[in-house]
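Asker: predicted structure and sequence below. I'll ask about it afterward.
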Amino acid sequence: MKNKLSIVANTYMKMLHFEEAGEEWLGDKHIFLHQTLLATGSVKAWTGTKEPQIFEAPSILIIDKGVEHNFIALEANTTMCKLPRQADRS
């Protein structure tokens, strides 16, 4: 998996590019409510103790602040961008 970070004008963006099905991004948590854009592909996603759900691109996932969230790519070349409202250093 490739991970790129960008901060411009106090807007933070993290791009996650899952190159293979089965790659994971687990245990992430932020101090702000934020949205994650699933631009390509599909993922299994879950937050906190909620049951996993399947999402297919294009989708926007809204994730509450302080809640652990997890993603598993279900196909190769899945790309997600996490977009909190300001720079998040958690």
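Answerer: Yes, it's here. Values in this document were obtained by computation on a predicted structure and should not be read as measured data.

Asker: distance between the worst-scoring helix or strand of the chain on mean pLDDT and the chain's centre?
Answerer: Counting by mean pLDDT, DSSP states H and E, the weakest-scoring helix or strand in the chain turns out to be strand 78-84, with a mean of 77. Chain-centre distance of strand 78-84: 5 Å, with C-alpha atoms, centre = their mean, to the nearest Å.

Asker: next one: stretch 73-85
Answerer: 5 Å.

Asker: contacting residues around it?
Answerer: For stretch 73-85, contacts defined as C-beta atoms under 8 Å, 6 or more residues apart in numbering pick out 1, 11-25, 28, 30, 32-44, 54, 57, 71. Where C-beta positions appear, they are placed from N, C-alpha and C, glycine not excepted.

Asker: which stretches of the chain have low pLDDT?
Answerer: Residues of the chain meeting the criterion pLDDT under 70: 83-90.

Asker: so where do the strands sit in the protein?
Answerer: 2-8, 11-18, 24-28, 34-40, 42-47, 53-56, 59-63, 69-73, 78-84 (DSSP state E).

Asker: can you redo these as a markdown table with mean neighbour count?
Answerer: Output for the strands of the chain, formatted as a markdown table (neighbours: other C-beta atoms under 10 Å):
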| stretch | mean neighbour count |
| --- | --- |
| strand 2-8 | 10 |
| strand 11-18 | 18 |
| strand 24-28 | 14 |
| strand 34-40 | 18 |
| strand 42-47 | 19 |
| strand 53-56 | 14 |
| strand 59-63 | 15 |
| strand 69-73 | 21 |
| strand 78-84 | 20 |
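
Asker: and the contacts of stretch 37-55?
Answerer: Outside stretch 37-55, the residues touching it (C-beta under 8 Å, 6+ apart) are 18, 56-61, 63-64, 67-81, 83.
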